[in-house]
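In: Return a 3D structure for these sequence lines:
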Amino acid sequence: MSTRILLVDLQGGSLAARKSDLGAEFEAVVVTQPVEAAALMGQSPPFAVVVCNCGDAENGGVAFLSEAFGNAPKTTRILVVPRDRAEIIFEAVNRDHVFAFVPEDSSPDSFLHTIESAAKQHAALMSEADLLEKTFNGSLQLLTEVLALAAPTQFSRSQKLREYIHQVGIEMKLDNLWELETAAMLAPLGYVTLPPSLLKKVNAAEELTSDEQQVVARLPVTTSQLIAHLPRLERVAEMIRYQNKDYNGKGFPSDTVLGEQIPQGGRILKVLNDLLDLEAKKKFKPTAMTMMKDRFGSYDPVVLDAAHTCLVLKATTPDMADLQTLGVADVKAGQLLMENAETKDGMIILSAGSRITKLAMERLRNYADLGVLKEPIYVK
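Out: I've put the predicted structure just below:
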C-alpha cells in the first residue's frame with residue numbers, strides 16, 4: 001500500500017507542482033483549503049505526512065499545522081517556508097510540533113528526502129503506539145487472570161458485570177465502552193488484598209464485624225488507588241471509586257459529589273452491582289428492577305431505564321445447545337465455564353462464567369494432577 005501524503009497548497013499552486021517530485025511509493029493528495037484538508041485528515045486510511053506552505057496572514061500554514069496536531073497527532077507535519085521568513089520557523093517550532101522545514105526553492109531531491117524522512121518518522125510512531133497498545137492489553141489481561149486465581153467468586157461476578165455493562169453501554173450509545181468494560185473487570189481487584197479468612201466470610205455471606213465492614217466498604221477506593229497511576233486508566237479508577245455512591249450523594253465515598261457530578265461509569269456500576277446483589281438473593285430481573293425503581297434517589301434514572309430496557313425488555317434466553325462435558329485434558333483456552341470448577345471437597349477453583357485462559361488451564365491441570373479436581377468440566 002502506498003504511503004499517503006497530504007499537500008495543503010495555500011499559495012496558488014506552488015506546492016501542487018511538487019507532487020511530481022514524489023516517488024511512486026507515495027500517494028499524494030492536493031487541496032487548497034484548510035477546511036477541506038481537515039476533513040480529509042479525519043478519514044481513513046490516515047495520512048502519514050501533511051505538507052503545508054505558509055499561506056497568508058488569514059489563511060496561514062502555521063495555524064493549520066497546529067490544528068492538524070490536535071486532530072491527528074501521529075501524522076508527521078512539514079512546513080514549506082521562504083528562506084527569509086525565519087520568524088515563521090520560530091513560531092512553528094515553539095507552538096506547532098513541526099517535524100521539518102523545507103525552503104520554497106529546495107531541489108526535488110531535497111524535497112523527496114524530507115518526505116521520506118517524515119514517512120519513516122510516522123511509521124516509527126505507529127509501531128511504538130502498536131507496541132504500547134499490546135503491552136497495555138497484556139497488562140490488563142494479567143491483572144484479570146490474577147484476580148481469577150486469587151478471588152474466583154469476585155472474578156466470576158466481574159465477568160457477569162462486564163456482560164451487563166456491555167449491553168447497557170450499547171443501549172445508551174456510549175463511546176467509551178472499553179473504559180466501562182475495563183472498570184467492570186477491575187472493580188473487584190481490591191479483594192485480593194483481603195485476608196483469606198475475611199474473603200471466605202464475604203463469599204459465604206456471613207455476618208461481618210464493624211471493622212470488617214469498614215475494610216470491605218473501602219475496597220473501591222483501594223482498587224482505585226491500585227490502578228490510578230496506570231496510563232489510560234485514570235478515568236476507569238474514578239468510575240471504580242464511585243461505584244457504590246448513591247445518585248443523591250449518600251453512600252461511599254463520603255464527599256459532596258452527587259448526581260451528574262458522579263462519573264457516569266460509577267453511576268452505571270452502581271445500578272448493575274445492586275442488580276447483581278438482588279439476583280444473588282434469587283430475585284428475578286423484572287422483580288429486582290422493580291425493587292430498585294422504588295429506591296428513590298439511589299440511581300441515575302437514565303441508567304436505570306437503560307438497564308431495564310436491555311436486560312429485561314430485550315432479554316433473551318441463553319443458548320445451552322453447545323454445552324460440553326469434558327475431562328480437564330480436553331478443555332481449551334477460550335471456552336466459557338458454565339458451572340463452577342471445584343475440588344472434590346467443594347472449594348471453588350474457577351467460577352461459572354469465567355473464560356478459560358492458559359493460566360486457568362494450568363491451574364485446573366495442577367489440581368487434576370493432585371487428584372483433587374472434580375470432573376467433568378462443563379464448558380461451551
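
In: Regarding residue 207, what is its secondary structure?
Out: Put simply, residue 207 is coil when judged by DSSP: H, G, I helix; E, B strand; the rest coil.

In: Double-check that residue 73 belongs to a helix.
Out: No: counting by three-state DSSP, one finds residue 73 to be coil, located in no helix.

In: quick one: it from residue 125, how far?
Out: As judged by C-beta to C-beta, to the nearest Å, residue 73 and residue 125 stand 9 Å apart. Quick note: C-beta positions are derived from backbone N, CA and C, even for glycine.

In: can you check residue 159 too?
Out: Distance, residue 159 to residue 125, by C-beta to C-beta: 35 Å.

In: Repeat that for residue 184.
Out: 31 Å.

In: Please say which of these two ends up with more neighbours.
Out: Using other C-beta atoms under 10 Å as the criterion, residue 184 and residue 125 rank with residue 184 on top: 29 against 15.

In: which ones are touching the more buried one?
Out: By C-beta atoms under 8 Å, 6 or more residues apart in numbering, the contact set of residue 184 is 158, 161-162, 164-165, 269, 272.

In: go with 6 Å
Out: 158, 161-162, 165 (C-beta atoms under 6 Å, 6 or more residues apart in numbering).

In: Any chance of CSV for those residues, columns secondary structure, pLDDT and neighbour count?
Out: Converted to CSV, the contacts of residue 184 look like this (DSSP: H, G, I helix; E, B strand; the rest coil; pLDDT from 0 to 100; neighbours: other C-beta atoms under 10 Å):
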residue, secondary structure, pLDDT, neighbour count
158, helix, 84, 27
161, helix, 89, 25
162, helix, 86, 21
165, helix, 92, 26
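
In: Only C-alpha atoms, please: export stretch 240-253 in CSV.
Out: Extracted C-alpha coordinates of stretch 240-253, given in CSV (Å, rounded to 0.1, in the frame of the first residue of the first chain):
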residue,chain,number,x,y,z
ILE,A,240,-14.5,2.3,40.3
ARG,A,241,-14.0,4.8,43.2
TYR,A,242,-17.6,5.9,42.9
GLN,A,243,-19.3,2.6,42.1
ASN,A,244,-21.1,2.5,45.5
LYS,A,245,-22.2,6.2,45.5
ASP,A,246,-25.9,6.9,45.5
TYR,A,247,-27.2,9.4,42.9
ASN,A,248,-28.4,11.6,45.8
GLY,A,249,-24.9,11.8,47.2
LYS,A,250,-25.3,9.3,50.0
GLY,A,251,-23.0,6.3,50.4
PHE,A,252,-19.3,5.8,49.9
PRO,A,253,-17.1,7.7,49.4
